[in-house]
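Colleague: Quick one, structure for this:
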Amino acid sequence: MEAPLYNQSGEKVGEIALPDKLFAARWRPTLVHEVILALQANRRKGTAHAKGRGDVRGGGKKPWRQKGTGRARHGSIRSPIWVGGGVTHGPIKDKKYGKKINKTAARTALASALAQKLRDAEVFFVDVLSLGEAKTKRAAELLKNFAKNTDASKLGVKGGRTLVLLPKPESSLIRSFRNLPYVEIDEARNINVEKALTPKYLLFTKDAVGKIAA
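Modeller: Model (predicted):
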């Protein structure tokens, strides 16, 4: 399949051939949801931790003798029913929240997301990005001009969060775009289904398309 190819001013300069396995896949919401949940779970850190009765300091001595005091019997002041005692069934830091993601499922979910965004006119392709020097002002002007000449009216501004995808790291571009509040920039090989669906728009350079891990 083919899609319009623009220059960095937003003027159409031709067509770009896109791989059908990435940009012509059908929408699979259930699979996309499952993969996103797995990605989020794998980032989760099990830092919540409560001490059980065996972890709390003290309590080695029996508070009072078993019989004859008229009070309830207790073996330790670190019992969960005592103030300052251990926690019953509390969270422990050893719990693992990660989920296994099948590679084929992850690739299929990514293709589904990219194809749907392309159908929604939220994916754009530019032949090359060049600023000459690392200036955030130049990057903002580039996106503004691109948005003015295309259907992406809110590209790179509030309500139009944008992910710019490059074929390889380019320090001048990264330094120029990274300070824009509604723009992120990354290598195309790092994109996954969550990164594809989080922003409103995706802006690929022509050479970045071939770098998508598919």
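Colleague: drop to CA atoms for contacts and neighbour counts, all remaining ones
Modeller: Fine.
Colleague: Let me know the next secondary structure element after the longest helix seen in the chain.
Modeller: Longest helix in the chain, counting residues (DSSP state H): helix 103-119. Once the chain leaves helix 103-119, the next helix or strand it forms, by DSSP states H and E, is strand 123-126.
Colleague: What is whichever helix or strand comes after that following strand packed up against?
Modeller: Next helix or strand after strand 123-126 toward the C-terminus (DSSP H and E): helix 136-149. Applying 3 or more CA pairs under 8 Å, 6 or more residues apart in numbering; DSSP states H and E, we find helix 136-149 packed against helix 171-177.
Colleague: same thing but 10 Å
Modeller: helix 171-177, strand 183-187 (3 or more CA pairs under 10 Å, 6 or more residues apart in numbering; DSSP states H and E).
Colleague: so which of those comes closest to Thr47?
Modeller: Across the helices and strands packed on helix 136-149, Thr47 has its closest neighbour in strand 183-187 (28.3 Å, CA to CA).
Colleague: quick revisit: please work out the average pLDDT along the longest helix of the chain.
Modeller: Helix 103-119 carries an average pLDDT of 96.
Colleague: in that helix, what counts as buried?
Modeller: Buried residues in helix 103-119, counted by 16 or more other CA atoms under 10 Å: 106-118.
Colleague: same deal with stretch 70-90?
Modeller: So, applying 16+ other CA under 10 Å, buried residues of stretch 70-90: Ser76, Ile77, Arg78, Ser79, Gly85, Gly86, Val87.
Colleague: Now those in JSON lines, please, with extra columns for distance to Gly132, secondary structure and pLDDT.
Modeller: Listed next are these as JSON lines, based on distance: CA to CA, whole Å; DSSP: H, G, I helix; E, B strand; the rest coil; pLDDT from 0 to 100:
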{"residue": "Ser76", "distance to Gly132": "72", "secondary structure": "coil", "pLDDT": "94"}
{"residue": "Ile77", "distance to Gly132": "70", "secondary structure": "coil", "pLDDT": "94"}
{"residue": "Arg78", "distance to Gly132": "67", "secondary structure": "coil", "pLDDT": "94"}
{"residue": "Ser79", "distance to Gly132": "68", "secondary structure": "coil", "pLDDT": "95"}
{"residue": "Gly85", "distance to Gly132": "64", "secondary structure": "coil", "pLDDT": "94"}
{"residue": "Gly86", "distance to Gly132": "62", "secondary structure": "coil", "pLDDT": "95"}
{"residue": "Val87", "distance to Gly132": "60", "secondary structure": "coil", "pLDDT": "96"}
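Colleague: Tell me how this protein divides into domains.
Modeller: As recorded under automatic domain parsing, the domains making up the chain are 2-44+97-211, 46-96.
Colleague: Deepest in the core, which of the ones you listed is it.
Modeller: domain 2-44+97-211 (a mean of 18; mean count of other CA atoms under 10 Å).
Colleague: so how far is the first residue of that domain from its last?
Modeller: End-to-end distance for domain 2-44+97-211: 17 Å, by CA to CA, to the nearest Å.
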